[in-house]
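Chemist: predicted model follows, preceded by the sequence.
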Amino acid sequence: MDQKLQQFLIEKFSSFLSEERKNYIEKVLQNRTEYIQVVLEDLIDPHNVNAILRTGECMGIQHYHIIENQYPFKIGRGVSKGATKWIDIHQYEGSGERNTIHAIEQLKAQGFKILTTSLGVEDKSLNSIDLTEPLAIVFGNEKEGVSQKAKDLADGSIKIPIYGFTESYNVSVAAAILMQNLIERMRKEVGNWQFSAEIYQNYQLRWLKKCMAMPDYYQNYFVKAFEQKKNYD
């Protein structure tokens, strides 16, 4: 979209919202990141998926990659509490493990370092994770964990310490612990974790539209007004 048109649309849609609402959108935008992304490989329980989406959205993570090798996923509104309205969900719904390959290869092509979650002795601890590159963290399903294919394609694996008798955390709890740790470290250690100016404006317009009824109708009206104004000028 033409940058001047985009700015014109932002101004027009903003005029319909209260200052409090506009300021809140801008506050969220300033705390949003694409630097850390979440990959959910074949989770069985949709409640766990939706809980992770809700928690991640609260922490400012924008992108989630859902791999559906055996278990399909439908976005739910209950557990997620509307979080899915404000995030990007990328679903991989082909047959077999090719979904895992596709998701990880795509993220690597975008410059992400891939880390799986595991319980192995050799796995890295939370505080030893290198944040000099963008990260995509892979969480496996509730029974088998991360697949061998994902482990083979990943750049490494990490573990969350356990001090009790129970062998593992619930996957949504593990994701919450890990996301909180990484987000807090990222905000302190990384200088370019926020949206770029272009991406910021893209989401600003998208989210302003989500606050209105019939946003496409109004956008068409505003675009016509912009074209008339441009021709007049």
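Modeler: Yep, that arrived.
Chemist: please count neighbours and contacts with C-alpha atoms only from this point.
Modeler: Fine.
Chemist: for residue 91, grab phi and psi.
Modeler: Dihedral angles of residue 91 (phi, psi; degrees, to the nearest 10) stand at phi -100, psi 140.
Chemist: chain neighbours aside, what residue packs nearest to it?
Modeler: Spatial nearest neighbour of residue 91, chain neighbours left out: residue 66 (4.8 Å); criterion: C-alpha to C-alpha, 6 or more residues apart in numbering.
Chemist: my guess is the one you found is in a strand, correct?
Modeler: Yes. Assessed by DSSP: H, G, I helix; E, B strand; the rest coil, residue 66 belongs to a strand.
Chemist: any idea what it is bridged to?
Modeler: residue 40, residue 91 (DSSP bridges).
Chemist: per-residue confidence at it?
Modeler: Here the pLDDT value assigned to residue 66 is 96.
Chemist: so who does it touch?
Modeler: Taking C-alpha atoms under 8 Å, 6 or more residues apart in numbering, we find residue 66 in contact with 39, 40, 41, 42, 89, 90, 91, 92.
Chemist: how close does the fifth one sit to residue 163?
Modeler: Separation of residue 89 from residue 163 (C-alpha to C-alpha, to the nearest Å): 34 Å.
Chemist: the two: which is more packed in?
Modeler: More crowded of residue 89 and residue 163, by other C-alpha atoms under 10 Å: residue 89, with 17 against 7.
Chemist: look up phi and psi at the more buried one.
Modeler: phi -110, psi 120.
Chemist: what's the answer for residue 117, then?
Modeler: phi -100, psi 140.
Chemist: burial of it, as a residue count?
Modeler: 23.
Chemist: and the pLDDT for the residue nearest to residue 45 when sequence neighbours are not counted?
Modeler: Here the nearest residue to residue 45 in space, its sequence neighbours aside, is residue 142; by C-alpha to C-alpha, 6+ apart that works out to 7.9 Å. On pLDDT, residue 142 comes in at 91.
Chemist: ok, residue 142 to residue 199 distance?
Modeler: Taken as C-alpha to C-alpha, the span from residue 142 to residue 199 is 34 Å.
Chemist: repeat that for residue 113.
Modeler: Taken as C-alpha to C-alpha, the span from residue 113 to residue 199 is 21 Å.
Chemist: who has more neighbours out of these two?
Modeler: Ranked by neighbour count (other C-alpha under 10 Å), residue 113 and residue 199 place residue 113 first, with 21 against 12.
Chemist: and the pLDDT for the closest residue to that one other than its chain neighbours?
Modeler: Leaving aside its chain neighbours, residue 113 sits nearest to residue 135 (4.9 Å; criterion: C-alpha to C-alpha, 6+ apart). Each residue has a pLDDT score; the one for residue 135 is 97.
Chemist: residue 135 against residue 35, yeah?
Modeler: Yes. Residue 135 lies in contact with residue 35 (C-alpha atoms under 8 Å); the separation is 6.4 Å.
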